[in-house]
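>>> Below: sequence and its predicted model.
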Amino acid sequence: MTKDQIEKILNSVTDPNTGKGLGDSGEIAGIDASERKTRIEIRLDYPAKTQIGPLRGSILKALAENGIEAEVEVEQRIRAHKVQPLLRVLPGVKNIIAVSSGKGGVGKSTIAANLALALSAEGARVGMLDADIYGPSQPAMLGVNAIPACEDGKTMTPNTAYGLQVNSIGFLINPEDPVIWRGPMVSSALQQLLFQTRWSDLDYLVVDMPPGTGDVQLTLTQQVPVTGAVVVTTPQEIATLDARKGLMMFRKVNVPVLGVVENMALFRCPHCGHLERIFGEGGAKRLSEQYDVPILGSLPLDPAIRQEADSGRPTVIAEPESETAGLFLSIARKAAAALSQLPVDHSASLPKIKPVKA
Ligand SMILES: Nc1ncnc2c1ncn2[C@@H]1O[C@H](COP(=O)(O)OP(=O)(O)OP(=O)(O)O)[C@@H](O)[C@H]1O
C-alpha cells in the first residue's frame, strides 16, 4: 500500500475532539511503510491522555480492515498559539484560556476550576489565575488559601492545588473586605497578578474572568494576551442574551471564542431520576448557530457539583469516574482541540537576538 492510501485510511478515522479526520486535523506526524509492519505516528496538539488507548484502537481497527498490520504511536504536543495583535505570549505560559460569562452566578468559576483540572487530568501543565476581582472564588473552590511566597521581593510563586499553579486576588486581600475598585485599579492589580507570578512551563493558564461585559472586562481582554475564550451561559433566554454580548466583546478584540458551555441545562430529580430542562432549552444552540461557535458541552444542575466545588474538591477531583467529571473532561478536550487548530506562535522558538557591541 502507498503512503497516500494509508493516509486516506487514517483520515477515515475521526478525531472525536476536532470532529474531523486525523489527516484533516493535521495529526498524522509520520507514516513509514518501508518495512513489513507499517509504522504510524499520530501527534495530537491537545491533551487527551484518557483517549489515547481508544484512539489507537480505532486506528488499528481501520488499518486491519484494509489488511494493514501496523505499529501505531500516539503522542501529544501542546504548542503556543497566537494572541491578539500587538500583544506577546506570556513567558512560561504557552496559551491563556479566558473563562467568561455575560452575567454573574451562571457557574463560570465552577466551570473554570473543573476545566483547569480536566486539562491537567488529560496530561497538560495547567495554571489558574483567578481574575474575578469582585468575588474571587478559586481559593475556596481549589481548597488553597496561602499568601504566595515572594522570595525576590518582586515576583510571586504561585500556590499549588491538585497539580495546578494558582494565583488569585483572593490570596492577597482579606475575604471579609468588600472590594470596591474602579477600572484602572482592577486592571493594574490583574496586570501584576498575571505578569509578576512565576508561572512555570504551563501549557494552559485558565483565567477566571470577572463576570459581565463592561469596561473592566473589555480592558482586560485587550491587555491580557488571550489565546481563546470559553463563554459560560445558562439556558435561559436572558442569560444567552448576555452571553451574546460576551461573544461580541471577544470578537471586537480579536480573541477567538473556543466555544460555549451550557451550565445548569438539565435537572435530575434526586428522588425519581427524572430529567427536566427547568431553565428552558435551545438558547445555547441558537447562540452557537448565530455566532458559528461550537457548544463544548452541557452540564446538569446537580447539587453534587455545588457541594464539591464549595468544599474545595471540584467534581473532577472528588468524583473522577463520575458522569459529570466525564463531561468536564470532554469539554476540556474539545476546548483544547479547538485551540490547537488556531495559528501557532513561532516567536517562542526563535533564538533570542543579543545586540553586538561595536
Ligand atoms: N451545574 C451546577 N449545578 C449545581 N450548582 C452549580 C452548578 N454550577 C455552579 N453551581 C453553583 O452555583 C453557585 C455559583 O457558581 P459560580 O460561583 O461558579 O458562578 P459564577 O458565574 O462564577 O459567579 P460570579 O462570577 O458571579 O461569582 C456556586 O455555589 C456553585 O457551586
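Received it, and whenever you're ready, just let me know what you need. Residues are numbered from 1 along each chain as shown.
>>> Can you list the buried residues in stretch 313-331?
313-319, 322, 324-331 (16 or more other Cβ atoms under 10 Å). Where C-beta positions appear, they are placed from N, C-alpha and C, glycine not excepted.
>>> Farthest pair within those?
Arg313 and Ser330 (20.2 Å; Cβ to Cβ).
>>> Where do the helices of the protein begin and end?
3-11, 52-65, 108-121, 138-141, 183-195, 215-223, 237-252, 283-291, 303-310, 315-318, 323-340 (DSSP state H).
>>> what comes up buried for the second one?
What it means is helix 52-65. Those buried within helix 52-65 under the rule 16+ other Cβ under 10 Å are Ile52, Leu55, Ser58, Ile59, Leu60, Ala62, Leu63.
>>> will you turn the residues you listed into TSV that also has pLDDT?
Output for the buried residues of helix 52-65, formatted as TSV (pLDDT from 0 to 100):
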residue	pLDDT
Ile52	95
Leu55	96
Ser58	96
Ile59	97
Leu60	96
Ala62	96
Leu63	95
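>>> what's near enough to touch Leu218?
Listed by Cβ atoms under 8 Å, 6 or more residues apart in numbering, the contact set of Leu218 reads Met249, Lys252, Val253.
>>> Look at the last one and say how many residues are nearby.
Counted with other Cβ atoms under 10 Å, the burial measure for Val253 works out to 18 neighbours.
>>> Skipping its backbone neighbours, what lies nearest it in space?
Thr221 (4.8 Å; Cβ to Cβ, 6 or more residues apart in numbering).
>>> from memory that neighbour sits against Val257, does it?
No. Using Cβ atoms under 8 Å, Thr221 is not in contact with Val257, being 11.1 Å away.
>>> joint contacts of the two?
With Cβ under 8 Å, 6+ apart as the test, Thr221 and Val257 both reach Ala229, Phe250.
>>> List just the nearest of the contacts of Leu218 to Leu90.
Closest approach between those and Leu90, by Cβ to Cβ: Val253, at 16.5 Å.
>>> contacting residues around that closest one?
By Cβ under 8 Å, 6+ apart, the neighbours of Val253 are Gln84, Leu218, Thr221, Gln222.
>>> quick one: the third one and Leu247, what's the gap?
With the distance defined as Cβ to Cβ, to the nearest Å, Thr221 ends up 12 Å from Leu247.
>>> Repeat that for the first one.
If you measure Gln84 against Leu247 using Cβ to Cβ, the figure is 16 Å.
>>> With the second one instead?
Noted for Leu218: a distance of 13 Å to Leu247, by Cβ to Cβ.
>>> Likewise for the last one?
To Leu247, Gln222 is 16 Å away according to Cβ to Cβ.
>>> burial measure for the residue nearest to Val253, as a count.
23.
>>> Near Leu342, how many other residues are there?
17.
>>> shouldn't it be in contact with Gly228?
Yes. Under the criterion of Cβ under 8 Å, Leu342 makes contact with Gly228 at 6.6 Å.
>>> before we move on, back to that, between Gln222 and Leu247, point out the one with more neighbours.
Leu247 (24 against 17).
>>> wait, which of the buried residues of stretch 313-331 is closest to the ligand?
Thr324 (8.2 Å; Cβ to the nearest ligand atom).
>>> What does the pLDDT read for the closest one?
As predicted, Thr324 sits at a pLDDT of 94.
>>> do the same with the one 4 residues further on
According to the prediction, Phe328 has pLDDT 98.
>>> residue contacts, it?
Contacts of Phe328 (Cβ under 8 Å, 6+ apart): Asn114, Leu115, Leu117, Ala118, Gly297, Leu299, Thr315, Val316.
>>> Now do the third one against Thr213, distance only.
Okay, so that is Leu117. Relative to Thr213, and taking Cβ to Cβ, Leu117 is found at 26 Å.
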